[in-house]
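Novice: curious how this folds, go ahead:
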Amino acid sequence: MLIGGTTFSRVSLTGKRGYELLFPHILNLDTKVDHLSLELANGNQYKGDLTVFGRYRDQRRFEIGAGFVDITLERQQRNLIETPETVRDRILKVVDVLEDPSLVYAAPDCGLRQLSMERSLRLYEVLAKGAELARRG
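Specialist: Okay, here's the model as predicted:
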């Protein structure tokens with residue numbers, strides 16, 4: 001994490017990192033809970049972040065709503081929007097990690113309410129097109 005030009009990293013007192021902190025506790029959630037919306041659009045971190053869900057999949061399967069379009073201020077200021085092909089590639093990375101396409105739900109990164117309606121709609125269009133490309137393989 002970068003704050004004021006200084007890089008900080010997460011420190012865990014349990015020795016676990018990222019979503020590993022949820023396990024094994026998350027396995028005991030009410031069985032009606034079968035979908036988690038993580039909305040993380042860190043394509044370069046999917047494997048590290050989501051591998052733990054695959055590791056426990058024999059005990060409990062969760063549908064994962066991962067983020068595939070990034071809404072960060074930097075991207076807004078530079079007017080950058082992912083291509084459908086980038087979204088497709090990110091979706092396929094998550095499918096590869098979870099090893100089951102039926103567990104992957106395409107979602108934007110969190111915080112679309114911060115964006116203009118025009119930009120939000122454009123991101124949803126790219127997300128939908130990217131998901132369609134991923135379904136085709």
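Novice: shouldn't residue 66 be within a strand?
Specialist: Yes - checked against DSSP: H, G, I helix; E, B strand; the rest coil, residue 66 lies within a strand.
Novice: center of the chain, which residue is that?
Specialist: residue 66 (2.7 Å; Cα atoms, centre = their mean).
Novice: so what pairs up with that residue in the strands?
Specialist: residue 106 (DSSP bridges).
Novice: mind listing what it touches?
Specialist: 38-41, 46, 50, 90-91, 94, 104-107 (Cβ atoms under 8 Å, 6 or more residues apart in numbering). C-beta here means a position set from N, CA and C on the backbone, and glycine is covered the same way.
Novice: run the last query once more with 10 Å
Specialist: By Cβ atoms under 10 Å, 6 or more residues apart in numbering, the contact set of residue 66 is 36-43, 46, 49-50, 90-91, 93-95, 97-98, 103-107, 109.
Novice: just the buried members of those?
Specialist: Buried by 16 or more other Cβ atoms under 10 Å: 36, 38-41, 43, 46, 49-50, 90-91, 93-95, 97-98, 103-107, 109, out of the contacts of residue 66.
Novice: out of those residues, which sit inside helices?
Specialist: Per DSSP state H, helices hold the following members of these: 46, 49, 50, 90, 91, 93, 94, 95, 97, 98.
Novice: burial measure for the nearest residue to the last one once chain neighbours are set aside, as a count.
Specialist: With sequence-adjacent residues excluded and distances taken as Cβ to Cβ, 6 or more residues apart in numbering, residue 98 is closest to residue 54, at 5.6 Å. The number of residues packed near residue 54 is 16, by other Cβ atoms under 10 Å.
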